[in-house]
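1. Turn this into a structure:
(2 chains)
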Amino acid sequence: MIEIKNLSKTFGTQMVLNDVSLKIEKGKVVVVIGPSGTGKSTLLRCINLLERPEKGRIKLGDFEADYEKISKAEIQVLRSRTSMVFQNSNLYRNKTALENIKLPLTAVKKMEDRKAEEIGLGLLEKVGMLEKKDAYPETLSGGEKQRVGIARAMGVNPDIILFDEPTSALDPELVSEVLEVIQDLAKQHTTMLIVTHEMKFARSVADEIVFMEGGKIVEQAPPEEFFGNPRTERTRRFISSNME
Amino acid sequence: MEYLTETFIPYARILVPLLVKGLGITIYVSAAAFFLSVVLGALLAVIEHFQIKGLNQFVKVYVSYFRGTPLLIQLFIFYYGLPMVMDIMKNCPKTLALILCLALNAAAYISESIRGAIESIDQGQYEACLAFGLTYTQMMTKVILPQAAVAAIPPITNSCLDLIKMSSLGMTIGIQDIMGEAQLTAATYYKTFETYILAAAFYWALAAVLGRVQRMIEQKIGVAYRK
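-> Numbers count the residues shown, from 1 in each chain, chains lettered A, B, ... in the order given. Next up is the predicted model:
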């Protein structure tokens, strides 16, 4: 279980996150949607401290920290127990597909090389990338990079995987191969927090939809309810303009 | 033709063995200075990149001085000047003085090359390291610097080439490298043209070899970045 309480973040004078609280049960998939620039990505990046929030608390299983006075060691715990899939994959460019999965395992988890290799190969098979295990990111398509990125995020066996618009940078014909992999993860009850603009995907994969605007959570509901019977006028307008 | 057989070749027979001896010194001085300058340059680059407090200002002045003044003056200050004010410098061998001066000078350029290469690495690479909990040292040694190295090879090879050529200034403090041997021999035989043509050929050959080495290294470590 992961719980964020009263999270606030400003960039200069602009309040990007305004007192956001969110709870994600173990094994559940929460999808964050909303217009651009409403703090969706920032929310994700605050969880693993790629952005430093001014206020708020985070609970991750038995671990709890206050963002205002978080220590280096606590940041390390948060980062090693979460993982992230980036919009541009951000695979390590000097490492092959397999090495990308192995690096966090050997460097951070202090795992033996052989064990890391085993995990890496297993995951590459799972995302259909075993044949390209020795390929460097430069030679992979956008969709392939994202699949390796997802395998890398799964490898560290995190409490939660954070997806930061995993398909936004892809050519349209490559989107589905990535979404399918995420669907598979959802079926296996991987805890995930996903920021996306793919409405159909959100509807089918989510246990809970969070609609954000202006740094606040406007509405939060299971997908049937959210899409079928939105409570606020603002949500209704957003859905109708994005579902065509 | 007669010039070749009567003058040039007989003289070359005398000069070339001396130049070969000098070549050994040139290679030794350049290699040692180059090694030191890369280590020092990387250190300076990391200090500048991370804006490490206190040291950062020092690096700025360092780079500015060594890039802004002639190497010959740096060498004279180091070899002739410092012994006048510092006793410890009185026993500094001239080869060591040359190596250190070349290294200090080249490090200023190399640090700029490495810094530029580090800065060319996409922010996402850092984030991918941090998000997975890599430490700063792991991030730099396993992901950032290996990528920066590839970008830094062409400018660093240029610095190495400059360093080899500038090592000829060692002649002014009596180093018997290619230039030192050439200068001495030219003075003995009054054959300025022949001497320096051959000396130039030696430096040129060194540069050609270096170019090949660069291509080999680029082939080898550039493998990750080819489509």
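
2. just the residues of chain B that are near chain A, which are they?
-> B:122, B:124-125, B:127-134, B:138, B:142-143, B:146-147, B:150, B:223-227 (C-beta under 8 Å from any C-beta of the partner chain). C-beta here means a position set from N, CA and C on the backbone, and glycine is covered the same way.

3. Just the pLDDT for residue 220.
-> Defaulting to chain A. What the model reports for A:Gln220 is a pLDDT of 94.

4. I was thinking of chain B, sorry if that wasn't clear
-> For B:Lys220, the predicted pLDDT is 84.

5. one step back: report the buried members of the residues of chain B next to chain A.
-> Buried subset of the residues of chain B next to chain A (neighbour count, 16 or more other C-beta atoms under 10 Å in any protein chain shown): B:124-125, B:127-134, B:138, B:142-143, B:146-147, B:150, B:224-225.

6. which residues sit in contact with the residue lying closest to A:Asp207 once chain neighbours are set aside?
-> Distances taken as C-beta to C-beta, 6 or more residues apart in numbering or on different chains put A:Lys28 closest to A:Asp207, at 4.4 Å, once the chain neighbours are dropped. Shown in contact with A:Lys28 (C-beta atoms under 8 Å, 6 or more residues apart in numbering or on different chains): A:189, A:191, A:207-208.

7. Could you pick out the longest helix of chain B?
-> helix B:9-49 (DSSP state H).

8. other SSEs contacting the following helix or strand past that helix?
-> Remark: after helix B:9-49, the chain's next helix or strand is helix B:55-68, criterion DSSP states H and E. Helices and strands touching helix B:55-68, by 3 or more C-beta pairs under 8 Å, 6 or more residues apart in numbering or on different chains; DSSP states H and E, are helix B:9-49, helix B:94-119.

9. Tabulate the CA atom coordinates of helix B:55-68 in CSV.
-> Listed next in CSV are the C-alpha coordinates belonging to helix B:55-68 (Å, rounded to 0.1, in the frame of the first residue of the first chain):
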residue,chain,number,x,y,z
LEU,B,55,36.9,24.2,-5.5
ASN,B,56,34.7,25.5,-8.3
GLN,B,57,36.1,29.0,-8.2
PHE,B,58,39.6,27.6,-8.1
VAL,B,59,38.9,25.5,-11.3
LYS,B,60,37.6,28.6,-13.1
VAL,B,61,40.8,30.6,-12.4
TYR,B,62,43.0,27.5,-13.2
VAL,B,63,41.4,27.0,-16.6
SER,B,64,41.4,30.6,-17.4
TYR,B,65,45.2,31.0,-16.6
PHE,B,66,46.4,27.9,-18.4
ARG,B,67,44.3,28.6,-21.5
GLY,B,68,45.1,32.3,-21.4
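
10. next helix or strand past that helix?
-> Next helix or strand after helix B:55-68 toward the C-terminus (DSSP H and E): helix B:71-76.

11. For whichever helix or strand comes after that next one, the averaged confidence score.
-> The helix or strand immediately downstream of helix B:71-76 is helix B:82-85, counting by DSSP H and E. Helix B:82-85 carries an average pLDDT of 91.

12. For the residue nearest to A:Asp207, give me the pLDDT.
-> At A:Lys28, pLDDT is 96.

13. Also A:Arg45?
-> A:Arg45 is given a pLDDT of 95.

14. Grab the nearest non-local neighbour of it.
-> Using C-beta to C-beta, 6+ apart, the closest residue to A:Arg45 is A:Glu51 (4.3 Å).

15. now do B:Arg115
-> Leaving aside its chain neighbours, B:Arg115 sits nearest to B:Ala45 (4.3 Å; criterion: C-beta to C-beta, 6+ apart).

16. for that neighbour, what are its contacts?
-> So B:Ala45 contacts B:110-112, B:114-115, B:118 (C-beta under 8 Å, 6+ apart).

17. which bits of chain A sit near chain B?
-> So far as C-beta under 8 Å from any C-beta goes, chain A lies against chain B at A:48-50, A:76, A:79-80, A:82-84, A:86, A:88, A:90-96, A:103-104, A:107-108, A:136-139, A:152, A:156.

18. Those residues, buried ones only, as a ChimeraX selection?
-> A single ChimeraX command is used to select the members of those judged buried by 16+ other C-beta under 10 Å:
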select /A:48,49,50,79,80,82,83,84,86,88,90,91,92,93,94,95,96,103,104,107,108,136,137,139,152,156
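
19. picking that back up, ok, so of the contacts of A:Lys28, who is nearest chain B?
-> A:Thr191 (16.2 Å; C-beta to the nearest C-beta).

20. where does the residue lying closest to the closest one once chain neighbours are set aside land on pLDDT?
-> In space, and not counting its chain neighbours, A:Thr191 is closest to A:Ile160: 4.5 Å by C-beta to C-beta, 6+ apart. pLDDT recorded at A:Ile160 is 96.

21. now B:Leu145
-> Reported pLDDT for B:Leu145: 89.

22. Next, count neighbours for it.
-> As a burial measure, B:Leu145 scores 19 neighbours (other C-beta atoms under 10 Å in any protein chain shown).

23. and A:Leu44, that one's in a helix?
-> Yes: counting by DSSP: H, G, I helix; E, B strand; the rest coil, A:Leu44 is found in a helix.

24. Now tell me which helix or strand of chain B has the poorest mean pLDDT.
-> The weakest-scoring helix or strand in chain B, judged by mean pLDDT, DSSP states H and E, is helix B:2-3 (a mean of 87).

25. neighbours around B:Val59, how many?
-> B:Val59 has 20 neighbouring residues, counting by other C-beta under 10 Å.

26. quick one: contacts for it?
-> Neighbour list for B:Val59: B:44, B:47-48, B:111 [criterion: C-beta under 8 Å, 6+ apart].

27. Give the bridge partners for the residue nearest to A:Thr191, please.
-> A:Thr82 (DSSP bridges).

28. Can you verify my assumption that it contacts A:Ile194?
-> No: counting by C-beta atoms under 8 Å, A:Ile160 does not reach A:Ile194; the two are 10.5 Å apart.

29. Counting neighbours, go ahead and name the busier of these two.
-> A:Ile194 (27 against 23).

30. Name every strand pairing with the helix or strand encompassing that one and say which way it goes.
-> In this assignment (DSSP H and E), A:Ile194 forms part of strand A:192-195. Strand A:192-195 has its sheet partners listed here by DSSP bridges as strand A:29-33 (parallel), strand A:160-164 (parallel).

31. From the rest of the structure, what touches the first one?
-> Around strand A:29-33, the neighbours that count as contacts under C-beta under 8 Å, 6+ apart are A:22, A:24, A:40, A:43-44, A:186, A:190-197, A:199, A:202, A:205-212, A:223, A:238, A:242.

32. rerun that using 7 Å as the cut-off
-> A:24, A:40, A:43, A:186, A:192-196, A:202, A:205-212 (C-beta atoms under 7 Å, 6 or more residues apart in numbering or on different chains).

33. Give me the buried subset of those residues.
-> Buried among the contacts of strand A:29-33 (16+ other C-beta under 10 Å): A:24, A:40, A:43, A:186, A:192-196, A:202, A:205-212.

34. got the angle between the worst-scoring helix or strand of chain A on mean pLDDT and strand A:29-33?
-> Lowest on mean pLDDT, DSSP H and E among the helices and strands of chain A sits helix A:233-242, with a mean of 88. Following axes from the mean of the first three to the mean of the last three C-alpha atoms, to 10 degrees, one obtains 90 degrees for the angle between helix A:233-242 and strand A:29-33.
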